[in-house]
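*Asks:* Here is the input, now give the coordinates:
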Amino acid sequence: MPGPHSHPPPAAFAPRFTLSLLYLFAFFLSYCLLFVTPELWLLLRPAGPDEAAAVEAAASEVARRAVAPRLPIALAAALASLFLATRAGWLPGLRNQGN
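*Replies:* Predicted coordinates:
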């Protein structure tokens with residue numbers, strides 16, 4: 001006969017899937033920004049008020065051309081980073097509680 005204190009502990013809410021998606025998005029965004037930064041660095045020059053629209057349009061076009069062909073690479077790098085960081089236990093909310 002089990003004792004009065006032998007009930008299992010209550011289940012804890014752990015939104016691991018949602019956190020995984022958020023981390024994946026953060027890694028993906030980081031890699032996309034990493035790919036765009038060298039291309040946009042060339043546009044960092046002082047622009048007058050009359051050139052602001054032209055510089056903004058040029059920056060948008062450069063960013064699109066820099067990221068578009070590298071999206072699969074950024075996604076693969078984000079997935080690999082998520083996997084490795086989860087296995088290493090570096091991501092809060094995705095660490096194994098039993099270990």
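*Asks:* Would you mind checking which helix or strand in this structure has the lowest mean pLDDT?
*Replies:* helix 52-67 (a mean of 86; mean pLDDT, DSSP states H and E).
*Asks:* This protein: helices as residue ranges?
*Replies:* With DSSP state H as the criterion, the chain has helices at 16-41, 52-67, 71-88.
*Asks:* Counting neighbours, which bits of the last one end up buried?
*Replies:* It refers to helix 71-88. Ala74, Ala77, Ala78, Ser81, Leu82, Thr86 (16 or more other C-beta atoms under 10 Å). Placement of C-beta: from N, CA and C, glycine included.
*Asks:* would you turn those into JSON lines with distance to Val55 and pLDDT?
*Replies:* Formatted as JSON lines, the buried residues of helix 71-88 follow (distance: C-beta to C-beta, whole Å; pLDDT from 0 to 100):
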{"residue": "Ala74", "distance to Val55": "25", "pLDDT": "96"}
{"residue": "Ala77", "distance to Val55": "29", "pLDDT": "97"}
{"residue": "Ala78", "distance to Val55": "30", "pLDDT": "98"}
{"residue": "Ser81", "distance to Val55": "32", "pLDDT": "98"}
{"residue": "Leu82", "distance to Val55": "35", "pLDDT": "97"}
{"residue": "Thr86", "distance to Val55": "40", "pLDDT": "94"}
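*Asks:* State the distance from Val62 to Phe17.
*Replies:* Separation of Val62 from Phe17 (C-beta to C-beta, to the nearest Å) stands at 36 Å.
*Asks:* rewinding a little: export the helices of the chain as TSV, with columns for distance to His5.
*Replies:* Formatted as TSV, the helices of the chain follow (distance: least, C-beta to C-beta, whole Å):
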stretch	distance to His5
helix 16-41	29
helix 52-67	58
helix 71-88	35
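*Asks:* can you count the residues close to Pro32?
*Replies:* Just to correct that, residue 32 is Cys rather than Pro. 20 (other C-beta atoms under 10 Å).
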